[in-house]
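Novice: fold the following for me, if possible:
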Amino acid sequence: MKRSLLACAILGILFSGNRGLYREAIPDELDCLSAEEQSSSKLYVALQRAAYAALDQRAQRFEGLSTAEEIQAYQADLREFFVKQLGGFPPRTPLNPEVVGTIEADGYRIEKVIFASQPRHHITANLYLPAGAAARSGATVPGVAVSSGHSRTGKTADYNQRFGMMLAKHGMAALCFDPIGQGERSQILDDNGQPRHSGTTTEHFLIGVGSILVGRNTARYRVWDAMRAIDYLVSRPEIDPQRIGFTGCSGGGTVTSYVMALDDRVACAAPACYLTTLRHLIQTIGPQDAEQNIFGQLAYGLDQPDYVHLRAPRPTLISATTDDFFSIEGAWQNYREAKRLYGRLGFPERVDLVEVPGKHGVHPQNLATITHWMQRWLLERDEPVSVVKLTARPPGDLLCTESGQVLALPEERSVFDLNASYEAELAQQRKQLWKEKPTDRLVSRIRETIGVRPPDALKPPAFQDLGRVKREKYHIDKLLLRTDSPIPLPALTFHPPAPLDDAYLYLHADGKLGDAERDGPIEALIDDGYAVVTVDLRGQGETSSRARSDLLTDWKTYYLSYLLGKPLIGGRVEDALAAADFVAFYQKERTNPRKVHLVGGGHAGVVALHAAALQPDRFASVTLRDMPRDWASVVSNPTPAGQLDSTVHGALRLYDLPDLVRLAGEEKVRFEQ
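Specialist: Sure thing, here's the model as predicted:
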């Protein structure tokens, strides 16, 4: 890129021995932004603004719906988008159901059931059947699928048992089934055959990493399991396939919301303690676990109220609690939108909301109201349902497998296995794409996939001097790089007394301070005579939310960007290219770029590799540390620690990391541990 004389002059001042324009910084003060600037420059805050703008556009579209034809077109469009973003669904295969035990109870019985969602991928469930339901009599009853919330015990959790008992006592069958990562369906076991992670959402997040890379979502597996649960219900001769209901609380409310929007067999639905609006969610607790975020849904205009709209005018009850962490104000806004839409279709009585005092969960009155709603629409009996006390059984009584985990079944496949099998298919497709010399079109498709603009569309960075920190053998210049992004790039230049012309750009998962400790890797480069530039890529260091974990990285920021359809890595690659441009031209009146050596560590290594692949001429060498050699291995890894930040939705449909090495130049890329 060309540089103005003014920019070159500024660069020369920053990196020359002229210290007249510096203000001396206090040692160890390496922040480049004030506390106020840090607060306003957070990546999460910028993403919030983008999310609100997208939601404003979606609201305009919704307000334009007036006729039944317009609403039906709206429903069809969003449903097609929804299924595509989930990654589509597999073919229906035999359920091969088996009843492995029966419990007789007062007015109902419980059957312990195992059936196959996909070949060698099983669901464990408890079917609560009212006393009057008997195949030999020919009498049929409604069937209600109950999706568990995020309880480690899954279907056997007390509130899920109460769902089953309450519905059965009121003349309806209920199928409480284990989701992946819960109950008897943990997808990650330790050496003793027990769940490795205590948190159920942790498994869902980790499943999400590989799912994202192959263009799927944890929700794809949750939704498909739920649809297969309906398949099992309608296969039972005791159950009327025209009278199917669906309910569930919390994470089960999420799945209920998705399935009721996508499966027309759900005649009556009651999602509990989930539905709000994305605006209220983002304003309060932020994005939640993997299956609750659909790639690009904010940008496309799929908000949580649309899960209700997509099934209109079929009966839907929103069950909520006053003090839920899912905003009750958002639940009422969701309901108001639905009431208006159902009214336009002529059926305003088919949507309702119940709010019960209390925190997150299904309180006795919520349960009674949900039961009344199901009874009203599935049994055509509009009678009051009283609040009653129900006593749950010991969880062990309701287990379906001998070991307590389906992964112990012969040749059972986990979700990681299913994703890895799909990745092997994609690998064959990629082989065909990359068998010849990479084309400009392939490079353009990579840019489009990660959301990086072409070089001529990138604005050259501007620079600001913020002071100097003295060290014994070198000094550190504090800088601020600004591009056309709303997020500034705090940067440091580690400067030896007489630097070589070549210089290093050092990217690290911890931002500009990563590997900058005394006698660390950066000081080793300084000792060799190199100037080293480090930078906080957007969302790192001073512009981060400070909510990063080693296992899942900064998942709230990642998923807010994901909801907008913008891979987090895309913006960071643009930042890396801007920083590389700075390194290449820092010197007064310099017109020819200096050699830039690139180092990337952790998930910032994946950023570095993308930058080198997209602009290989900018970098003389590329050193990558503590990062995977390929994404294919990440897909099959049940604990892909630290990988979420750098995942790209559907990337493996087009390329893997070795393809980027090929673009960057195999002779200059080196991996280190």
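
Novice: quick one: contacts for the residue sitting nearest the centre point of the chain?
Specialist: With the centre of the chain defined as its mean C-alpha position, the nearest residue by Cα atoms, centre = their mean is residue 290, 3.9 Å away. Counting by Cβ atoms under 8 Å, 6 or more residues apart in numbering, residue 290 touches 201, 204, 205, 207, 208, 211, 217, 218, 219, 559. The C-beta positions use only the backbone N, C-alpha and C, and glycine is treated the same way.

Novice: secondary structure element for the nearest residue to it once chain neighbours are set aside?
Specialist: Of all residues not flanking residue 290 in the chain, residue 208 sits nearest, at 3.1 Å (Cβ to Cβ, 6 or more residues apart in numbering). In this assignment (DSSP states H and E), residue 208 forms part of helix 200-213.

Novice: show me what that helix is packed up against.
Specialist: Taking 3 or more Cβ pairs under 8 Å, 6 or more residues apart in numbering; DSSP states H and E as contact, the helices and strands that helix 200-213 lies on are helix 218-235, helix 415-433, helix 632-636.

Novice: if you compare these, which one is most tucked away?
Specialist: Neighbour counts (mean count of other Cβ atoms under 10 Å) averaged over each of the helices and strands packed on helix 200-213 peak at helix 218-235, with a mean of 22.

Novice: next, the angle helix 415-433 makes with that one.
Specialist: Counting by axes from the mean of the first three to the mean of the last three Cα atoms, to 10 degrees, helix 218-235 lies at 120 degrees to helix 415-433.

Novice: could we number from 628 for the rest of this?
Specialist: That works, and once the first residue is 628, the last one we named lands at helix 845-862.

Novice: helices and strands around whichever helix or strand comes after helix 845-862, which ones?
Specialist: Using DSSP H and E, the helix or strand that directly follows helix 845-862 along the chain is strand 866-876. If you count contacts as 3+ Cβ pairs under 8 Å, 6+ apart, strand 866-876 packs onto strand 768-774, helix 785-796, helix 845-862, helix 878-889, strand 893-899, helix 991-1005.

Novice: figure out how far the fourth one is from the centre of its chain.
Specialist: Between the mean C-alpha location of helix 878-889 and the chain-wide mean there is a distance of 16 Å, by Cα atoms, centre = their mean, to the nearest Å.

Novice: what does stretch 1206-1219 give?
Specialist: Taking Cα atoms, centre = their mean, the mean C-alpha location of stretch 1206-1219 is offset from the chain mean by 38 Å.

Novice: now it: buried residues?
Specialist: 1206, 1207, 1208, 1209, 1210, 1211, 1212, 1213, 1214, 1217 (16 or more other Cβ atoms under 10 Å).

Novice: export those residues as a markdown table, with columns for pLDDT.
Specialist: Compiled in a markdown table, the buried residues of stretch 1206-1219 are given as follows (pLDDT from 0 to 100):
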| residue | pLDDT |
| --- | --- |
| 1206 | 98 |
| 1207 | 97 |
| 1208 | 95 |
| 1209 | 95 |
| 1210 | 96 |
| 1211 | 94 |
| 1212 | 90 |
| 1213 | 79 |
| 1214 | 67 |
| 1217 | 69 |
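
Novice: going by distance to residue 754, which of the residues you listed wins?
Specialist: Closest approach between the buried residues of stretch 1206-1219 and residue 754, by Cβ to Cβ: residue 1206, at 59.0 Å.

Novice: doesn't residue 1143 lie inside a strand?
Specialist: No. Counting by DSSP: H, G, I helix; E, B strand; the rest coil, residue 1143 is not part of a strand but coil.

Novice: and the nearest residue to it once chain neighbours are set aside, what does it touch?
Specialist: Computed as Cβ to Cβ, 6+ apart, the closest residue to residue 1143 that is not its neighbour in sequence is residue 1149, at 5.0 Å. Residue 1149 makes contact with 1121, 1133, 1142, 1143, 1159, 1161 under the criterion Cβ under 8 Å, 6+ apart.

Novice: could you check the pLDDT of residue 1149?
Specialist: In this model, residue 1149 is scored at 97, pLDDT.

Novice: now it: which helix or strand?
Specialist: Using DSSP H and E, residue 1149 sits in helix 1148-1154.

Novice: contacts for the following helix or strand past that helix next, please.
Specialist: Using DSSP H and E, the next helix or strand after helix 1148-1154 towards the C-terminus is strand 1158-1162. With Cβ under 8 Å, 6+ apart as the test, strand 1158-1162 has contacts from 642, 1108, 1116-1123, 1126-1127, 1130-1135, 1138-1141, 1143, 1149, 1152-1153, 1202-1203, 1206, 1209-1210.

Novice: now those: which count as buried?
Specialist: 642, 1108, 1116-1123, 1126, 1130-1135, 1138-1141, 1143, 1149, 1152-1153, 1202-1203, 1206, 1209-1210.

Novice: residue 1034 - that's part of a helix, no?
Specialist: Yes. The assignment for residue 1034 (three-state DSSP) places it in a helix.

Novice: run a quick neighbour tally on it.
Specialist: Residue 1034 has 19 neighbouring residues, counting by other Cβ atoms under 10 Å.

Novice: right, I'll leave it there.
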